[in-house]
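> Sharing a sequence plus its predicted fold:
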Amino acid sequence: MSQKLSRRAAITALATGAATLPAIAVASAAPTDPIFAAIEVHRTAHTNEFSEVITSREQEVRLGAISATAYKSFRDTDPTTLKGHAEKFAYVLEREETFMSDDGVTYEAFASVLRSMQKFAA
């Protein structure tokens with residue numbers, strides 16, 4: 001059952017401070033935290049990189065590049081909600097072995113979490 005909201009009812013609800021707006025109107029106003037998409041993109045790219053049977057050097061390079069790009073996007077995406085910060089931190093902990101390397105990727109992943117939290121708290 002869809003619920004229509006007339007302009008008069010909306011103005012009345014806002015004027016009286018009543019929480020009578022339909023759930024859809026309230027839900028559509030809530031911002032989506034971009035970190036959730038960045039995590040899913042990285043998770044998918046990483047899974048694809050290590051689950052496909054590599055048949056050529058070109059394929060290996062292509063999958064590695066996709067995974068690296070997804071990681072950089074994840075690393076550079078700042079969560080916009082407290083839940084997003086918790087999820088980013090949990091994902092780094094979950095993927096610690098994935099992020100481990102000689103070039104400091106694990107440190108970089110944890111540093112990105114800390115940087116995001118500091119910006120969020122400011």
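Ah, there it is.

> where does this protein have its least confident helix or strand?
One helix or strand of the chain scores below all others by mean pLDDT, DSSP states H and E: helix 23-29, with a mean of 45.

> quick one: pLDDT of residue 37?
Here the pLDDT value assigned to residue 37 is 95.

> and it, how many neighbours does it have?
Neighbour count of residue 37, defined by other Cβ atoms under 10 Å: 13. C-beta here means a position set from N, CA and C on the backbone, and glycine is covered the same way.

> Residue 35: which element?
helix 34-51 (DSSP states H and E).

> C-terminal to that helix, what's the next element?
helix 57-76.

> Which elements pack onto that next one?
Under the contact criterion of 3 or more Cβ pairs under 8 Å, 6 or more residues apart in numbering; DSSP states H and E, helix 57-76 touches helix 34-51, helix 105-121.

> So which residues lie in contact with the shortest one, not counting its own?
By that I understand helix 105-121. With Cβ atoms under 8 Å, 6 or more residues apart in numbering as the test, helix 105-121 has contacts from 71, 75-76, 78-80, 82, 85, 88-89, 92, 95-96, 99-100.

> show me what contacts residue 60?
residue 54.

> and it, how far is that from residue 70?
According to Cβ to Cβ, to the nearest Å, residue 60 stands 16 Å off from residue 70.

> just residue 120 next, same as before
For residue 120, the distance to residue 70 - Cβ to Cβ - is 22 Å.

> So which of these two has more stuff around it?
Shown here are residue 120 and residue 70; by other Cβ under 10 Å, residue 70 has more neighbours (21 against 14).
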